[in-house]
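Engineer: Test case, fold it:
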Amino acid sequence: MRILHIHTSDYTGGGGGAIAMYRLHLGLKKAGFNSKILCATKTLESSDSIAIPHLSRSELLLRKVTSRLGLNGIHCISSFKIKETKAYLDADVLNLHSFRARFSYLALPALTENKPAVFTLHDIWPFTGHCAVSYDCDRWKTGCGRCPYPREYPKTYLDSSAWMWPKKRKLLGEVWKPVIVTPSRWLANLVAEACDGRCRVEVIPNGIDTTVFRPVDRLQARKELGLPEDRKIVLFAAAKPSEKRKGIMYFFEALKYVQADKWMALAVGGAVDFSKWVPQGVEVRQLGYVKKAEDMAKVYSAADLYCITSLADNFPTTVLESMACGTPVVGFAVGGIPEQVTEECGQLVSLGDAKALGQSITNLLNDNTKRKTMGELCRKRVEQEYNLQLFIERHLALYRELVGKGQNAAP
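Structural biologist: Next up is the predicted model:
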């Protein structure tokens, strides 16, 4: 069986969705299947990653203009030419992912007309008038317009959400009825509501390689990272910490309420000036961006707690990585995070409640026994529920079903 993944990026710069897709691709390859990636932005040297033809100058100009006008995902005429590529022609089944940049969602019905296809959602953009993250806005349910977050990704200078919303809603569930996969039940419920139950929705949680993300000796990890051995460490990680949805200001606000001896905060990700947020007397170190997965496993292992303050999220990979390394998680109960972090694996508080978050950090930093037990249960949960093999097997079962039927399965 030959599987073709279609995504904006093959790995770098594509966010958590691209990482999840790439791990799925690698897992399929390891299992002996022919898996390839067709992408707009090629960052890997592998021959399995294939870049779509460059856009013409006229299309590049059109994309720039329409993106600024909030008309993302309708501007790329070349998307219809994907059907002419060898990778597409050879594929037995398609797994579609992100279609915001250099792709047109209008091409989706044509691409899947004669090929079994799975559409994996990594956020809510496919059924909103503009946003990938809606925060407290629920206008996507009844009709967008007067968007409260036009500068959120994908940023726009003109609110076209009222015009885009009916176009996308008509496509998903009426014109086009794909088999949809979501990593979380939370997102599955939203998309089922958006398409009025007319699309089949399957929940397949993301998986990670537990042989890479695994507990590493804490003292050895700290020695290699240049971190003190006698401190308790609270970790914050984000590729782009300055993004609003990462809620980094809440992380530092929570640190004001931490009452523990000999502790510090550690930040991993893009360089940001934290000085305006850091509470007086709290030590914060920045490691910068950690590229290799093996090195990131050492970071998680070196920490005592991983804190995620996302204001909106689907099924964050970092949570699974931390748990796989035996590090408990604290943060806000938003999106699919409560599905990942049970009460045995960490503590979640209400969105925006920095004081409660600080108290949770305090409780766990001061209870070594509870923290150790939680870490062991974190690892056990990932091994049982979110291992890479299970992730691959669930996808293969769905691919085989669709290929066997020769078409998308109805709800």
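
Engineer: What residue in this structure is the furthest from its centre?
Structural biologist: D261 (34.4 Å; Cα atoms, centre = their mean).

Engineer: what sits against that one?
Structural biologist: For D261, the contact set (Cβ atoms under 8 Å, 6 or more residues apart in numbering) is empty. For the C-beta atoms, the positions are set from N, CA and C on the backbone; glycine is no exception.

Engineer: at 10 Å what do you get?
Structural biologist: 231-232, 365-366 (Cβ atoms under 10 Å, 6 or more residues apart in numbering).

Engineer: Might you specify the subset of those located within strands?
Structural biologist: Using DSSP state E, the subset of the contacts of D261 located in strands is K232.

Engineer: possible to save the contacts of D261 as a markdown table with pLDDT and distance to K405?
Structural biologist: Output for those, formatted as a markdown table (pLDDT from 0 to 100; distance: Cβ to Cβ, whole Å):
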| residue | pLDDT | distance to K405 |
| --- | --- | --- |
| R231 | 97 | 57 |
| K232 | 98 | 54 |
| L365 | 98 | 53 |
| N366 | 98 | 56 |
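
Engineer: just the buried members of the contacts of D261?
Structural biologist: 231-232, 365 (16 or more other Cβ atoms under 10 Å).

Engineer: R169: which of those is nearest?
Structural biologist: Of all those, R169 sits closest to L365, with 46.9 Å by Cβ to Cβ.

Engineer: who's L348 bridged to?
Structural biologist: Counting by DSSP bridges, L348 is bridged to G331.

Engineer: List the buried residues in the host helix or strand of L266.
Structural biologist: Following DSSP states H and E, one finds L266 within strand 263-269. In terms of neighbour count (16+ other Cβ under 10 Å), strand 263-269 has its buried residues at 263, 265-269.

Engineer: Equivalent analysis for stretch 366-381, please.
Structural biologist: Neighbour-count burial for stretch 366-381 [16+ other Cβ under 10 Å]: 371, 374-375, 377-379, 381.

Engineer: Could you pull out the strands in the stretch 201-350 of the chain for me?
Structural biologist: 201-203, 232-238, 263-269, 284-288, 305-308, 329-332, 346-349 (DSSP state E, counting those that start in this stretch).

Engineer: need those strands in a markdown table with distance to S134, can you?
Structural biologist: What follows is the strands of the stretch 201-350 of the chain, written out as a markdown table (distance: least, Cβ to Cβ, whole Å):
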| stretch | distance to S134 |
| --- | --- |
| strand 201-203 | 19 |
| strand 232-238 | 20 |
| strand 263-269 | 24 |
| strand 284-288 | 30 |
| strand 305-308 | 19 |
| strand 329-332 | 16 |
| strand 346-349 | 20 |
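
Engineer: Next, the contact list for V284, please.
Structural biologist: 234, 236, 251-252, 255, 264-267, 274-275, 277-278.

Engineer: wait, I meant K372
Structural biologist: So, once contact is read as Cβ under 10 Å, 6+ apart, K372 ends up touching 304, 326, 328.

Engineer: same deal with N366?
Structural biologist: 232, 258-261, 263.

Engineer: at 6 Å instead, please
Structural biologist: A260 (Cβ atoms under 6 Å, 6 or more residues apart in numbering).

Engineer: And the pLDDT for the residue farthest from the centre of the chain?
Structural biologist: Looking at D261, its pLDDT is 95.

Engineer: What values do phi and psi take at it?
Structural biologist: phi -90, psi 140 (degrees, to the nearest 10).

Engineer: roughly how far apart are it and T362?
Structural biologist: Applying Cβ to Cβ, to the nearest Å, the value for D261 to T362 is 11 Å.

Engineer: do the same with D295
Structural biologist: Counting by Cβ to Cβ, the gap from D295 to T362 is 29 Å.

Engineer: Any idea how many residues pack against S56?
Structural biologist: As a burial measure, S56 scores 11 neighbours (other Cβ atoms under 10 Å).

Engineer: ok, it to T327 distance?
Structural biologist: For S56, the distance to T327 - Cβ to Cβ - is 48 Å.
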